[in-house]
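Asker: Please work out how this folds:
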Amino acid sequence: MSNVQKVSELKKVIKNGLTPLINNNYIFLDLPYYTNVGDILIWQGTLDYLETLPYKCLYSSSIENYKKPEIDKDVIILLIGGGNFSDLWYRHQVFRKKIIGEFPDNKIIILPQSIYFKDEEILKNDAAVFSQHKNLTICLRDQSSLEIANAYFPNSVNVLLPDMAFCMNMKKWQKAIKPTENRILFLNRNDMEKNQNLTYDIVPHEAEWHDWSTMEKTTSGFRWFCRFRGVLHRVDRSFHTNLNNYVSDIAYKKILRTSYIKKGIGFLSQYSYIYTTRLHAAILAVLLNKKFTFFDNSYGKNSGFYDTWLRDVDSIHFIREDK
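Answerer: Have a look, this model is predicted:
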């Protein structure tokens, strides 16, 4: 199957599975106010999908900027998807449990996530909290995560759906695509999710090794923005204002989200071949109609997603282990 055919297929899966669930106005929480392009692609794909629905977003927020809104019981709560339904990036789980406690009567939908817990006791404790909610839907990005959800979260509605980044309207970003050059990229993560059991010897010596450019270095403008937010935070504490949240909302929703997506698309599009350890570099490569080699991560998130949705795509070479 071609990249173009796969994107069309996965968009239909999301539309058919998710659209019946979102049947009212909603709020949209856990927005990624940080520099990981992958999570921002999820954000953009979700926004593009939600634009196809006849309902309004009444409020949206990151974890840091969240202030409990006053909403009616028929308003739906959407929690962004990703790979942080886990004890590795636990602040997102803490936030989800907070929202579950604050809105016992509202429908809550957790958009497509991968599940992974090193500590089963933490998983069980989280499951006990989630089980208290009477109208919870958890969308899972891979078959393994769905099986975990069915075992530990039997009181929720558990739905298998692809990553929301596949819903990105790429027509909006055509100007960000750069001409392809005869260059090879190894987009390589260097955090706790990197698979240390792989040697990556198949990556050609001439490949350029990078992570997302937004994560490798910060611009002087972004450093200035962070310092300015620090000043606003002190003002807020002294005068009980909300300037820091107001400014960061504008910055990420109106400027940085678009800027990071353009950088990510411009970065990947210029390479003739890509090797990557990052799931969303792989997803963006599919969206850009690129050929690439995809490595598993430390706990099988990438292989789970590949096996569930991408194994029939002709342009992908997947590596689970060194041969």
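
Asker: Secondary structure element for Val159, which one?
Answerer: Under the criterion of DSSP states H and E, Val159 resides in strand 157-160.

Asker: Sorry, slip of the keys, the one I care about is Asn150.
Answerer: Counting by DSSP H and E, Asn150 is found in helix 143-152.

Asker: Which neighbouring elements make contact with that helix?
Answerer: strand 108-116, helix 120-130, strand 136-140, strand 157-160, helix 301-305 (3 or more Cβ pairs under 8 Å, 6 or more residues apart in numbering; DSSP states H and E). C-beta here means a position set from N, CA and C on the backbone, and glycine is covered the same way.

Asker: May I see the buried residues of the single longest helix found in the chain?
Answerer: Assignment by DSSP state H gives helix 220-239 as the longest helix of the chain. Under the neighbour-count criterion of 16 or more other Cβ atoms under 10 Å, helix 220-239 has Phe225, Arg229, Leu232, Asp236 buried.

Asker: Over to Gln294: give its phi and psi.
Answerer: Residue 294: Phe, not Gln. phi -120, psi 120 (degrees, to the nearest 10).

Asker: what about the strands in the protein?
Answerer: 26-31, 57-62, 76-79, 82-86, 108-116, 136-140, 157-160, 181-187, 208-210, 271-276, 292-295, 316-319 (DSSP state E).

Asker: Using JSON lines, please lay out the buried residues of helix 220-239 together with pLDDT.
Answerer: Output for the buried residues of helix 220-239, formatted as JSON lines (pLDDT from 0 to 100):
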{"residue": "Phe225", "pLDDT": "79"}
{"residue": "Arg229", "pLDDT": "79"}
{"residue": "Leu232", "pLDDT": "74"}
{"residue": "Asp236", "pLDDT": "76"}
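
Asker: Same list (those) but as JSON lines, adding distance to Glu216.
Answerer: Listed next are these as JSON lines, based on distance: Cβ to Cβ, whole Å:
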{"residue": "Phe225", "distance to Glu216": "18"}
{"residue": "Arg229", "distance to Glu216": "21"}
{"residue": "Leu232", "distance to Glu216": "27"}
{"residue": "Asp236", "distance to Glu216": "31"}
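
Asker: Just give me the closest of those residues to Ser272.
Answerer: Nearest to Ser272 among the buried residues of helix 220-239: Phe225, at 34.4 Å, using Cβ to Cβ.

Asker: distance of that closest one from Tyr66?
Answerer: 20 Å (Cβ to Cβ, to the nearest Å).

Asker: Repeat that for Cys226.
Answerer: From Cys226 to Tyr66 the distance is 19 Å (Cβ to Cβ).

Asker: Please apply the same query to Val157.
Answerer: For Val157, the distance to Tyr66 - Cβ to Cβ - is 24 Å.

Asker: do Lys194 as well
Answerer: 30 Å.

Asker: again, but for Tyr306
Answerer: Relative to Tyr66, and taking Cβ to Cβ, Tyr306 is found at 33 Å.

Asker: pLDDT at Ala285, what is it?
Answerer: Looking at Ala285, its pLDDT is 98.
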